[in-house]
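# Give me the fold of what follows.
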Amino acid sequence: MVRPENGAGPVKLAVKDLAIHYGPKSALAGVSLDVREHEIFGIIGPANSGKTSFLRALNRMDLHTTGMRVEGSIHLDGRDVRKWRNVYALRRQIGVVFPLPVGLPLSVYDNVALSPRLRGIKNKADLDVVVERCLTRAALWDEVKDRLDSLGSLLSGGQQQRLTIARALSQDPKLLLLDEFSIAVDPVTTMRIEDILRTLKDEITIILVTNLVQQARRLADRTAFFLSGEFVEVGETEDLFTGAVRDPRTRAYVEGRFG
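You can find the predicted model right below:
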């Protein structure tokens, strides 16, 4: 495992000279950054800054996006993600939670058990353990344990978003990507999920894309600022909010002067 020169935690994800294009249009350029093991790494910036495209590149979603082209290098635990022959094996290492809850047309139980079954876990008792553990980690078990056979789509919006987190965790990923998870949930659920993420970072590395700068301040250990397809800077989160920034555009954004 690579260690940063400054003595911080081991590097989980190393991105160098990343650029993303959609046809002739550049969506993101000049991204070089490290994400450390067991940290919450925030990414902030206005709409159309390239934040979601960055996540897509990490998970090789460009394979399913017409015209999307990725340049540069991305290494997860020292291994180049662009060179994985089995992209599905890669995606089992990288869980994703999208802005809107995307429940599969399955029961609550089967939403969480699907990935373990695909990995070869067939024994019901073993699946029961995985489902309970993942729903518990997503702070949902107590609310659904008596209706595991009900359709996941019948849960409330906030419960469905936590179900998507449980489903992502059922893959046993090394990296969890969250893309503006709080867009479709109420403030109370948002705070519950934030509490979940604080606990999960003891077990997993998290990248959090958010359009709420104060959410990044509450959660992220370090934060990167993207603007109009440009990687502006990265630093300790509190430093970005207290003036220790290299670029005046960062200060203007976190102070709400644009965005």
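# Can you give me the distance of residue 188 to residue 245?
Between residue 188 and residue 245 the distance is 32 Å, computed by C-beta to C-beta, to the nearest Å. Every residue, glycine included, has its C-beta placed from N, CA and C.
# neighbour count winner among these two?
Neighbour count, other C-beta atoms under 10 Å: between residue 188 and residue 245, residue 245 has more, with 19 against 9.
# helix/strand/coil for that one?
coil (DSSP: H, G, I helix; E, B strand; the rest coil).
# and the residue nearest to it when sequence neighbours are not counted, how many neighbours?
Counting by C-beta to C-beta, 6 or more residues apart in numbering, residue 251 is the residue found nearest to residue 245 once chain neighbours are left out, at 5.3 Å. When neighbours are defined as other C-beta under 10 Å, residue 251 has 17 of them.
# What strand or helix carries the nearest residue to residue 180 once chain neighbours are set aside?
Leaving aside its chain neighbours, residue 180 sits nearest to residue 99 (4.5 Å; criterion: C-beta to C-beta, 6+ apart). Counting by DSSP states H and E, no helix or strand carries residue 99.
# Please tell me I have it right and residue 99 contacts residue 181.
Yes: at 6.7 Å, residue 99 and residue 181 qualify as touching, with contact defined as C-beta atoms under 8 Å.
# The two - which one has more neighbours?
With neighbours defined as other C-beta under 10 Å, residue 99 and residue 181 compare such that residue 181 has more, 26 against 17.
# Can you tell me the element the more buried one falls in?
Counting by DSSP H and E, residue 181 is found in no helix or strand.
# Quick check: the gap between it and residue 109.
22 Å.
# Look up phi and psi at the residue nearest to residue 180.
The phi/psi pair for residue 99 (degrees, to the nearest 10) reads phi -60, psi -40.
# Can you name the helix or strand that the residue nearest to residue 245 falls in?
helix 248-254.
# What mean pLDDT does that helix get?
For helix 248-254, mean pLDDT is 90.
# same question, stretch 106-120
93.
# Please apply the same query to stretch 91-99.
Mean predicted lDDT for stretch 91-99 stands at 89.
# try stretch 219-230
96.
# Show residues contacting it.
Residues from elsewhere that reach stretch 219-230, judged by C-beta atoms under 8 Å, 6 or more residues apart in numbering: 26-30, 33, 36, 39-46, 48-51, 54, 194, 197-198, 208, 216, 231-237, 240, 247, 249-250, 253.
# Please list the members of these that lie in helices.
Members of the contacts of stretch 219-230 lying in helices (criterion: DSSP state H): 51, 54, 194, 197-198, 216, 237, 240, 249-250, 253.
# Drop anything exposed from the residues you listed.
51, 54, 194, 197, 216, 237, 240, 249-250, 253 (16 or more other C-beta atoms under 10 Å).
# before we move on, the earlier item: can you redo the ones in helices among the contacts of stretch 219-230 as JSON lines with distance to residue 157?
Output for the ones in helices among the contacts of stretch 219-230, formatted as JSON lines (distance: C-beta to C-beta, whole Å):
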{"residue": "51", "distance to residue 157": "22"}
{"residue": "54", "distance to residue 157": "26"}
{"residue": "194", "distance to residue 157": "16"}
{"residue": "197", "distance to residue 157": "18"}
{"residue": "198", "distance to residue 157": "22"}
{"residue": "216", "distance to residue 157": "22"}
{"residue": "237", "distance to residue 157": "28"}
{"residue": "240", "distance to residue 157": "31"}
{"residue": "249", "distance to residue 157": "34"}
{"residue": "250", "distance to residue 157": "33"}
{"residue": "253", "distance to residue 157": "29"}
